[in-house]
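**Q** One predicted model, sequence on top.
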Amino acid sequence: MGQSMALRDQISSHTKLAMKSKDKVRLSTLRLVSAAIKDRDIAARSEDRCGGIDDGEILSLLAKMLKQREESAKTYEDNGRPELAAREHEEMDIIREFMPTPLSDAEVQDIIKEIVDTSGATCLKDMGKIMGVLKTDYAGRIDMGKAGKVVKAHLCS
């Protein structure tokens, strides 16, 4: 993903390619992503952010869409609908193309330790501040659920 092209431009150009190649699943997935971005842009404009949401917010949105599809796929698998689960997995693969490489558990540990140390955080009431930094600086690269547990462990030790 290393290009400097903004995420929304990448998604837009990939949508056009999917139209040309008549890739129905890819096209519908990218259209869902685009619609979700547009919804967030509208909300941002109502907060006087005329440019809409930034790449970090788009990455958070993509991470949320991935999580929804993971949950749906699990539900379908649990209920004996492998074909529907397969579709969710296909959509997840498409969404992941626009996300940076996730950080390893060891990298996450190191980053959180560093943030805790440099922020002077000492107790659980500082957790929100640390999670805010993670969401801003590492959107789409860290599972925030897992990160929360690691932050808690650091603050409670």
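**A** Great, that's in hand. As the structure is a prediction and not an experimental result, all values here were calculated from the model.
**Q** going forward, measure contacts and count neighbours with C-alpha atoms only.
**A** OK.
**Q** Could you pull out the helices in this protein for me?
**A** 7-20, 24-46, 55-78, 82-96, 105-119, 127-137, 144-156 (DSSP state H).
**Q** For these, give me a markdown table that also has mean pLDDT.
**A** Shown next, in a markdown table, are these (pLDDT from 0 to 100):
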| stretch | mean pLDDT |
| --- | --- |
| helix 7-20 | 95 |
| helix 24-46 | 95 |
| helix 55-78 | 93 |
| helix 82-96 | 97 |
| helix 105-119 | 90 |
| helix 127-137 | 88 |
| helix 144-156 | 86 |
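**Q** Same list, those helices, but as TSV with mean neighbour count please.
**A** Output for those, formatted as TSV (neighbours: other Cα atoms under 10 Å):
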stretch	mean neighbour count
helix 7-20	15
helix 24-46	16
helix 55-78	17
helix 82-96	17
helix 105-119	14
helix 127-137	15
helix 144-156	15
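**Q** Name the nearest residue to the spatially most central residue of the chain, sequence neighbours excluded.
**A** The residue lying closest to the centre of the chain (Cα atoms, centre = their mean) is Ala63, at 2.1 Å. Excluding the flanking residues, the one nearest Ala63 by Cα to Cα, 6 or more residues apart in numbering is Gly140, at 5.5 Å.
**Q** So what's the residue count around the one you found?
**A** The tally of other residues near Gly140 (other Cα atoms under 10 Å) stands at 27.
**Q** Could you pull up the residues touching the nearest residue to Lys152 once chain neighbours are set aside?
**A** Sequence neighbours aside, Leu124 is the residue nearest to Lys152 in space, at 6.7 Å (criterion: Cα to Cα, 6+ apart). Neighbouring residues of Leu124 by Cα atoms under 8 Å, 6 or more residues apart in numbering: Lys152, Leu155, Cys156.
**Q** and which of these is nearest Asp41?
**A** Asp41 has its nearest neighbour among the contacts of Leu124 in Lys152, at 32.7 Å by Cα to Cα.
**Q** Return the distance of the closest one relative to Ala6.
**A** Counting by Cα to Cα, to the nearest Å, the gap from Lys152 to Ala6 is 34 Å.
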